[in-house]
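Chemist: Give me a model of this one.
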Amino acid sequence: MIEILVVVAIIAILSAIILVPITEQIKRAKDANFKTMVSSIEPSLRMCCDTATGQIQNTPGGDICAPLLLKAFYPDTTVLSDITIIQNCIDGNFDIIFKPGLKNTGNCQQARCSQSGCVYTGCL
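Modeler: Next up, the predicted model:
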């Protein structure tokens, strides 16, 4: 009886030792997925910035350029939960905040993107 308890205790300790690093790696993978998604959107925002009107414009063949359509179609809310436009394209400068969705609940809290790039908060 004692031998079985010792074996169970050893298995429990080994599984705890293994599961902690795996959980951390899963969070890092989710952070990488979030960063990749935001990094793929950020260049298109520069392209869609219309300095004449000061707006992020919808261009032919590109729903990515429409802020309302952006939230509805690309990507879905499981990847990015919230997209907030702080500043439209005034003199070619924009400021947009992206928050991770349910599939990307790693350590990242948000990404704030401007014409000069993105800054990530909380990511590993």
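Chemist: going forward, measure contacts and count neighbours with C-alpha atoms only.
Modeler: Noted.
Chemist: what helices or strands is the strand or helix carrying I11 leaning on?
Modeler: Assigned by DSSP states H and E, I11 belongs to helix 2-48. Helix 2-48 sits against strand 110-114, strand 117-121, with contacts defined as 3 or more CA pairs under 8 Å, 6 or more residues apart in numbering; DSSP states H and E.
Chemist: just how off-centre is that helix within its chain?
Modeler: Distance, stretch centre to chain centre, for helix 2-48: 15 Å (CA atoms, centre = their mean, to the nearest Å).
Chemist: now do stretch 101-112
Modeler: 5 Å.
Chemist: Could you tell me the end-to-end distance of it?
Modeler: With CA to CA, to the nearest Å as the measure, stretch 101-112 spans 15 Å from end to end.
Chemist: swap in stretch 106-113?
Modeler: When the termini of stretch 106-113 are compared using CA to CA, they are 19 Å apart.
Chemist: Over to stretch 115-124?
Modeler: Distance across stretch 115-124, first residue to last, is 23 Å (CA to CA).
Chemist: contact partners of that stretch?
Modeler: By CA atoms under 8 Å, 6 or more residues apart in numbering, the residues outside stretch 115-124 that reach it are 28, 31, 35, 39, 42, 46, 92-95, 106-113.
Chemist: And the pLDDT for R112?
Modeler: Per-residue confidence at R112 stands at 90 (pLDDT).
Chemist: give me every residue that touches the closest residue to it other than its chain neighbours.
Modeler: Nearest residue to R112, sequence neighbours excluded (CA to CA, 6 or more residues apart in numbering): I97, at 4.4 Å. Residues in contact with I97, defined by CA under 8 Å, 6+ apart, are 82-86, 110-113.
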